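# Structure, please.
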Amino acid sequence: MGFRGAAFGGGASAGLRLRRAALVLGLLGVVAGGVCGQTSPARAVPAVACAPDLAVLSRADGTPLARFSIEVAQTEADRARGLMERSSMPAGAGMLFIYPTPRTVQFWMHDTLIPLDMLFFDAAGRLVSLHSGARPMDDTAIPSGGAVRFVLEINGNLAKRMGLGTGTVLSHPAIPNAQAALPCAD
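This is a model prediction of the structure:
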């Protein structure tokens, strides 16, 4: 799968630039309203542009953190195989494991040749736990730390460098908008 860019940056799409401009204008309106003694209505968190082959990570307030071009492991066979026997993975790539219902899971690195970070998300896409730097070929169980529905595997130690952690939210079309912490745009 092609690299889509690991972080939001200079090559932002027109839609992203418009959302950023709207956010700045909205914040200016809140400040101006506060200065004049007016109260402003609560700002709704913007919906996220999603695609089946894209994992979008943001802060809970909608601030973009990272985007990964992903392969999806949705069947039992795909989840069992995962990223085994691969000698490399582009920096902006990953694999999203999707389970039909929330459950406690364990991962291991049996026959996995590259170090990985594992991000465990609940049914709404909120980060439950993060395991950084899983060692290649290690059969030690890596638990999810609670019931999860999604697991994103990315290159090892990348999560820390990108500032991913507490408060990180996943947006993906597999998360129904009605329950998503940050829903996808229609």
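
# Would you double-check that residue 130 falls in a helix?
No - counting by DSSP: H, G, I helix; E, B strand; the rest coil, residue 130 falls outside a helix, being strand.

# got a list of what it touches?
For residue 130, the contacting residues are 117, 118, 119, 120, 159, 164, 165, 168, by Cβ atoms under 8 Å, 6 or more residues apart in numbering. C-betas here are computed from N, CA, C, even on glycine.

# Going through these, which ones are buried?
Restricting the contacts of residue 130 to buried positions leaves 117, 118, 119, 120, 159, 164, 168, with burial counted as 16 or more other Cβ atoms under 10 Å.

# Output these in TSV; the columns should cover pLDDT and secondary structure.
TSV is the format used below for these (pLDDT from 0 to 100; DSSP: H, G, I helix; E, B strand; the rest coil):
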residue	pLDDT	secondary structure
117	98	strand
118	98	strand
119	98	strand
120	98	strand
159	97	helix
164	96	coil
168	98	strand
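
# quick one: low-confidence ranges for the protein?
The model of the chain has pLDDT under 70 over residues 1-45.

# Tell me, domain by domain, which residues of it belong where.
7-43, 47-171 (automatic domain parsing).

# So for residue 178, which of those sits nearest?
domain 47-171 (9.9 Å; Cβ to Cβ).

# Excluding sequence neighbours, find me the nearest residue to residue 115.
residue 156 (2.9 Å; Cβ to Cβ, 6 or more residues apart in numbering).

# Roughly how far does that neighbour sit from residue 50?
26 Å (Cβ to Cβ, to the nearest Å).

# now swap in residue 69 and tell me
When residue 69 is compared with residue 50 (using Cβ to Cβ), they lie 13 Å apart.

# Show me which of those two is the more surrounded one.
residue 50 (21 against 18; other Cβ atoms under 10 Å).

# Contacts only, for the more buried one.
So residue 50 contacts 56, 171, 172, 173, 184, 185 (Cβ under 8 Å, 6+ apart).

# quick one: which two of the residues you listed are the most distant?
172 and 185 (12.4 Å).

# Name every strand pairing with the host helix or strand of residue 154 and say which way it goes.
Element membership for residue 154, per DSSP states H and E: strand 148-155. Pairing partners of strand 148-155, with direction, according to DSSP bridges: strand 93-103 (antiparallel), strand 116-121 (antiparallel).
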